[in-house]
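Participant: Pasting the sequence and the predicted model now:
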Amino acid sequence: MSRNYPTEAIENLAAEIGENVYIDIAKWHLYLNDAHLHTPLAERLYPLLAEDSLEENKVLEILQEITVKLGGGRRQIALLNLMPMQAQLNLMDLLEEFQSNL
């Protein structure tokens, strides 16, 4: 069963993610809004917040499922593998704070 979640809430979450969470490429921090990954990630994560089922293992599973195309699509790497531990912790903190404000 598919639910319709408020677009504005997802956009707000996407903005927070995009400005605060990054991937690390050769020691360069590429924020998810610059990589255009913030909105798809927010769309996948928002249901966990709305349904009060935020768990780290579920977030990690989503990060593993979202792939990032490299080299014009010649390779695909899981978003999880491009995020350093600090970025993952930042994401979890951000999600917990966002959920508390829902």
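Facilitator: Alright, I've got the coordinates. As the structure is a computational prediction, the values presented were derived from the model and not from experiment.

Participant: So which residues of the chain form helices?
Facilitator: Assigned by DSSP state H, the helices in the chain fall at 7-20, 38-50, 56-65, 79-82, 85-100.

Participant: Comparing those, which comes out most buried?
Facilitator: A comparison of these by mean neighbour count, using mean count of other C-beta atoms under 10 Å, puts helix 38-50 on top with a mean of 19. Glycine gets a C-beta too; all of them are placed from N, C-alpha and C.

Participant: For that one, name the packing helices and strands.
Facilitator: For helix 38-50, the elements it packs on are helix 7-20, helix 56-65, helix 85-100, judged by 3 or more C-beta pairs under 8 Å, 6 or more residues apart in numbering; DSSP states H and E.

Participant: Next, Asn33: phi, psi?
Facilitator: Backbone torsions for Asn33, taken as degrees, to the nearest 10, come to phi -70, psi -40.

Participant: The one 3 residues further on now?
Facilitator: Dihedral pair for His36: phi 60, psi 40, per degrees, to the nearest 10.

Participant: ok, it to Ile66 distance?
Facilitator: To Ile66, His36 is 12 Å away according to C-beta to C-beta, to the nearest Å.

Participant: So for these two, which sits in the more crowded spot?
Facilitator: Ile66 (14 against 9; other C-beta atoms under 10 Å).

Participant: what sits against Glu19?
Facilitator: Neighbour list for Glu19: 31, 33 [criterion: C-beta atoms under 8 Å, 6 or more residues apart in numbering].
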